[in-house]
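K.L.:
Requesting a structural model of the entry that follows:
(one chain, ligands or ions: 2)
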Amino acid sequence: MKTTTVKEALTISSLIGEKVTICGWVRTFRSNRFIALNDGSTIYNIQAVVEFEEIEEAKLKKINTGAAVQVSGTVVESQGKGQKVEIQVNEFEILGEANPEEYPLQPKKHSLEFLREKAHLRMRTNTFGAVFRLRHAMSFAIHQYFHNKGFYQMHTPIITGSDAEGAGEMFRVTTLDLDNIPKGEDNKTDTSKDFFGKETNLTVSGQLEAELGALALGKVYTFGPTFRAENSNTTRHLAEFWMIEPEVAFADLIDNMNLAEDFLQHLAQYALDNCMDDLEFLNEREIAEDKLKPQIERNELNLIDRLKFVTANNFERITYTEAIKILENSKPYKKKKFNYLPEWGSDLQTEHERYLVEKHFKKPVVISDYPASFKAFYMRQNEDGKTVAAMDILFPGIGEIIGGSQREERLDVLKEKCKAFNIPEEHVWWYLETRKFGTCVHSGFGLGFERLVMFVTGMTNIRDVIPFPRAPKNAEF
Ligand code: 4AD
Ligand code: MG
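P.N.:
Ligands and ions are numbered 1, 2, ... in the order given. Here you go, the predicted model:
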């Protein structure tokens, strides 16, 4: 059966006067005549006008919010306000009923918290439809961006024997019988009996493997799921999230920053150029939400203006050491408003990042050259011996959106780093060999995909930008 999407019916003017068949879900049904029909192809509904005489009463009773229907009829210019065209229906089928006593999504405002509990249905709402169409658009734009720049996508393993970030917060992968774990002489788990003959986990990052790829194919990127078993129940952390990790040979930290900035600006521009219907809806939604908030919590710029701002302005670039100086001279520091004192040598806290990005610079900030002590082993040691060639990009309202670095390409320095981080060389022998054979300057970064989607949708909880979020004590659906 040939069907037309709501988006096609609303936008292809040559369809006016033509007979079309549209399948979708009823959003509302008024005056026993007007169905607002949505099929997910666009934020907009199409109005399907059913003539009472032509349809039997029993069938009419089943046109409830949430029901799946198929309508056939002529596309005509609309008489009513608010839409250009509508469907004059002459054939009508109920495909799947939705009992109004039970269907949870009624045509009224539901809270995001309520909808999180109904994640199997929430994609049928305007807000989540818009969010997940934008999520798709960003995914597509990312592949297109790298493809056009000569990068190759690399599929790195999801099950891994290494811990790239050294964070130690990994999900164990095992086929051992948990009620009867084989023990070795030291009474520790005998991992040689496990499926892979060694300890394995879900990956926290594809970076180490991406580096191997970059040192052969020049420019590569990964785009895959990553897993972190950190017990942080925040609005910015997931236990399963998607990360994009480009890695480039013969590129230093500055090249890396330039790529990251251009990439983020391109993605914001892509959304503005291709997703305006959904952006306008989310923009209006945010403005309405803001009105309910105290002045101080409202957005200074609305969603669309924030995207435009990012495309139009260079990001601020400062070193970690400069960031600490700015913080030490700040009002909240002098008035003892920070919960944690900013101090050279300790990691920046969220409150510090927010001050720098939202109060001091009021724009995206790239912070580089962090102390080696709290950064990963693979980051390149700077000449000062204290800092590494790292860079984080912080966005207003989001915090860290990108983390990356120039990589340590000197074999002797890298071996020292492994020692200092207690990483046995035999665990990463393959990584070390790339420094032995044809090593070169190279750099890369990781973009948290959900944090990007938060930025382009204005959603403030990361659980609302991934269809089925995984977080501590939360793996429903
Ligand atoms: O800063 P991270 O930990 O860096 C890495 O994993 C490097 N291997 C990347 C690289 O250089 N190739 O993570 C990168 C980004 C963060 O900036 C953040 O946007 C996101 O991944 N991220 C998370 N997003 C959601 N939930 C979490 N638990 C996240 N942890 C990191
Ligand atoms: Mg980071």
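
K.L.:
What's opposite the closest residue to Ile35 other than its chain neighbours in the beta bridge?
P.N.:
Leaving out its chain neighbours, the residue that sits closest to Ile35 by C-beta to C-beta, 6 or more residues apart in numbering is Ala48, at 4.3 Å. C-beta here means a position set from N, CA and C on the backbone, and glycine is covered the same way. The partner list for Ala48 in beta bridges (DSSP bridges) reads Ile35, Ile87.

K.L.:
Could I get the contacting residues of Ala48?
P.N.:
Neighbouring residues of Ala48 by C-beta atoms under 8 Å, 6 or more residues apart in numbering: 22, 34-35, 37, 71, 73, 86-87, 89.

K.L.:
let's go with 6 Å and repeat that
P.N.:
Ala48 makes contacts with 35, 37, 71, 87, 89, as judged by C-beta atoms under 6 Å, 6 or more residues apart in numbering.

K.L.:
Please identify which of the residues you listed is nearest to Lys473.
P.N.:
Distance to Lys473 across the contacts of Ala48 (C-beta to C-beta) is lowest for Leu37, with 38.2 Å.

K.L.:
Can you check my assumption that Gly198 lies in a helix?
P.N.:
Careful, residue 198 is Lys and not Gly. No. Counting by DSSP: H, G, I helix; E, B strand; the rest coil, Lys198 is not part of a helix but coil.

K.L.:
Ramachandran coordinates for it?
P.N.:
Main-chain torsions, Lys198, degrees, to the nearest 10: phi -160, psi 170.

K.L.:
Is it correct that it is in contact with Asp190?
P.N.:
No. Checked against C-beta atoms under 6 Å, the pair Lys198 and Asp190 is beyond contact range at 10.8 Å.

K.L.:
if we can go back for a sec, are any of the contacts of Ala48 buried, and which?
P.N.:
By neighbour count, with 16 or more other C-beta atoms under 10 Å, these hold 35, 37, 71, 87, 89 as buried.

K.L.:
What residues does the second one make contact with?
P.N.:
Contact partners of Leu37, counting by C-beta under 6 Å, 6+ apart, are 24, 45-46, 48.

K.L.:
before we move on, what about Thr4?
P.N.:
Contact analysis of Thr4 by C-beta under 6 Å, 6+ apart lists 20, 22.

K.L.:
what do you get if the cut-off is 8 Å, keeping everything else the same?
P.N.:
Applying C-beta under 8 Å, 6+ apart to Thr4 gives the contacts 15, 20-22.

K.L.:
Now it: which helix or strand?
P.N.:
Using DSSP states H and E, Thr4 sits within no helix or strand.

K.L.:
So for Lys198 and Asp190, which residue has more residues nearby?
P.N.:
Neighbours per residue (other C-beta atoms under 10 Å) separate Lys198 from Asp190, with Asp190 holding more: 14 against 10.

K.L.:
Around ligand 1, pick out the residues from this structure.
P.N.:
Contact residues (C-beta under 6 Å from any ligand atom) of the chain with ligand 1: 164-165, 205, 207, 228, 237-238, 241, 243, 245, 400-405, 444-446, 448, 450-451.

K.L.:
Return the subset of these lying in helices.
P.N.:
Under the assignment DSSP state H, the residues of the chain next to ligand 1 contribute 207, 450-451 to helices.

K.L.:
if I look at the nearest residue to Gln406 once chain neighbours are set aside, how far off is ligand 1?
P.N.:
Among residues not flanking Gln406 along the chain, Ala389 sits closest, at 3.9 Å (C-beta to C-beta, 6+ apart). As judged by C-beta to the nearest ligand atom, to the nearest Å, Ala389 and ligand 1 stand 11 Å apart.

K.L.:
now the residue lying closest to Glu165 once chain neighbours are set aside: how far from Arg407?
P.N.:
Leaving out its chain neighbours, the residue that sits closest to Glu165 by C-beta to C-beta, 6+ apart is Val204, at 5.0 Å. According to C-beta to C-beta, to the nearest Å, Val204 and Arg407 sit 17 Å apart.

K.L.:
Looking at those two, which has the bigger crowd around it?
P.N.:
Between Val204 and Arg407, counted using other C-beta under 10 Å, the more crowded position is Arg407 (29 against 23).

K.L.:
what's across from that one in the sheet?
P.N.:
Met379.

K.L.:
Distance check, Glu328 against Ala210.
P.N.:
For Glu328, the distance to Ala210 - C-beta to C-beta - is 37 Å.

K.L.:
before we move on, what about Ser192?
P.N.:
As judged by C-beta to C-beta, Ser192 and Ala210 stand 29 Å apart.

K.L.:
who has more neighbours, those two?
P.N.:
Taking other C-beta under 10 Å, Ser192 and Ala210 do not tie; Ala210 has more neighbours (24 against 11).

K.L.:
how near is Asn38 to Lys81?
P.N.:
Taking C-beta to C-beta, one finds Asn38 at 19 Å from Lys81.

K.L.:
the more surrounded of those two?
P.N.:
Per other C-beta under 10 Å, whichever of Asn38 and Lys81 has more neighbours is Asn38, with 21 against 5.

K.L.:
Next, count neighbours for the residue nearest to the more buried one when sequence neighbours are not counted.
P.N.:
In this structure, Asn38 finds its nearest non-sequential neighbour in Asn45, 4.7 Å apart by C-beta to C-beta, 6+ apart. Here the number of neighbours of Asn45 (other C-beta under 10 Å) works out to 21.

K.L.:
same check, this time on Leu60
P.N.:
Residues lying near Leu60 (other C-beta under 10 Å) number 15.

K.L.:
So it sits against Ser31, correct?
P.N.:
No. When contacts are counted by C-beta atoms under 8 Å, Leu60 is not listed as touching Ser31 (11.4 Å).

K.L.:
so Asn283, which of the three states?
P.N.:
Asn283 is classified as helix under three-state DSSP.

K.L.:
Kindly state the pLDDT recorded for it?
P.N.:
We have a pLDDT of 98 for Asn283.

K.L.:
residue contacts, it?
P.N.:
302-304, 458.

K.L.:
go on, His360?
P.N.:
326, 330.

K.L.:
In the stretch 1-150 of the chain, where is pLDDT below threshold?
P.N.:
52-55 (pLDDT under 70).

K.L.:
Which stretches in it count as strands?
P.N.:
19-30, 34-38, 46-50, 68-77, 85-96 (DSSP state E, counting those that start in this stretch).

K.L.:
among these, which is the most enclosed?
P.N.:
strand 46-50 (a mean of 24; mean count of other C-beta atoms under 10 Å).

K.L.:
orientation of that one relative to strand 34-38 in degrees?
P.N.:
140 degrees (axes from the mean of the first three to the mean of the last three C-alpha atoms, to 10 degrees).

K.L.:
ok and strand 46-50 relative to strand 68-77, angle-wise?
P.N.:
Angle of strand 46-50 versus strand 68-77, following the same axes, to 10 degrees, is 90 degrees.

K.L.:
coming back round to it: go through the contacts of Asn283 and say which is closest to Thr156.
P.N.:
Thr156 has its nearest neighbour among the contacts of Asn283 in Gly458, at 31.0 Å by C-beta to C-beta.
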